[in-house]
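Trainee: pasted the sequence and its predicted model underneath.
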Amino acid sequence: MGQVVVLGLIAGGIYALFAVGVVLVYRGTGVLSFAQGEIGTVTLYTAALLVDQGTPYWVAAVTGLAVAGALGVLFDLLIVRGIPAPDPVPLSAAPVGPPLSPCALGTCTF
């Protein structure tokens, strides 16, 4: 019973962090972005690749977070601000496409 409660709290915490991320991106840019999952996947693959090469866990985690930050800034500068459409639908869907290629490559790698 205790294990189920702990696992439920962990799952709830993950959903809460995802929700906070969605709200922060929306409040910061005014665009509802669905690219968080892809950015998280690229970050995870980066950290896992570094750990497999013998890098310490904390260095791989910090590097993965740096990759996530860099991808977020690149998406904002190149994609979100590059679309002149006033309609929020293209702005919401546009950041999803570019990260799918690295995710597909990562899936093939792992």
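Mentor: Perfect, I can see it now.
Trainee: longest helix in the chain, please.
Mentor: Longest helix in the chain, counting residues (DSSP state H): helix 2-29.
Trainee: which element follows it toward the C-terminus?
Mentor: Using DSSP states H and E, the helix or strand that directly follows helix 2-29 along the chain is helix 36-52.
Trainee: quick one: mean pLDDT for the helix or strand following that following helix?
Mentor: Tracing the chain C-terminally past helix 36-52 and defining elements by DSSP H and E, one meets helix 57-74 next. Across helix 57-74, the average pLDDT comes to 90.
Trainee: what residue ranges in this structure score low on pLDDT?
Mentor: 85-86, 88, 91-92, 95-110 (pLDDT under 70).
Trainee: next, work out how far apart residue 28 and residue 72 are.
Mentor: According to C-beta to C-beta, to the nearest Å, residue 28 and residue 72 sit 10 Å apart. Any C-beta I mention is one placed from the backbone N, CA and C, and that applies to glycine too.
Trainee: pick out whichever of those two has more residues nearby.
Mentor: Legend: neighbour count by other C-beta atoms under 10 Å for residue 28 and residue 72, higher for residue 72 (17 against 11).
Trainee: in this structure the more buried one contacts residue 39, no?
Mentor: Yes. The criterion here is C-beta atoms under 8 Å, and residue 72 meets it with residue 39 at 6.4 Å.
Trainee: between the two, which contacts overlap?
Mentor: Here residue 72 and residue 39 have no joint contacts, going by C-beta atoms under 8 Å, 6 or more residues apart in numbering.
Trainee: rewinding a little: which neighbouring elements make contact with the longest helix of the chain?
Mentor: Contacts defined by 3 or more C-beta pairs under 8 Å, 6 or more residues apart in numbering; DSSP states H and E place helix 2-29 against helix 36-52.
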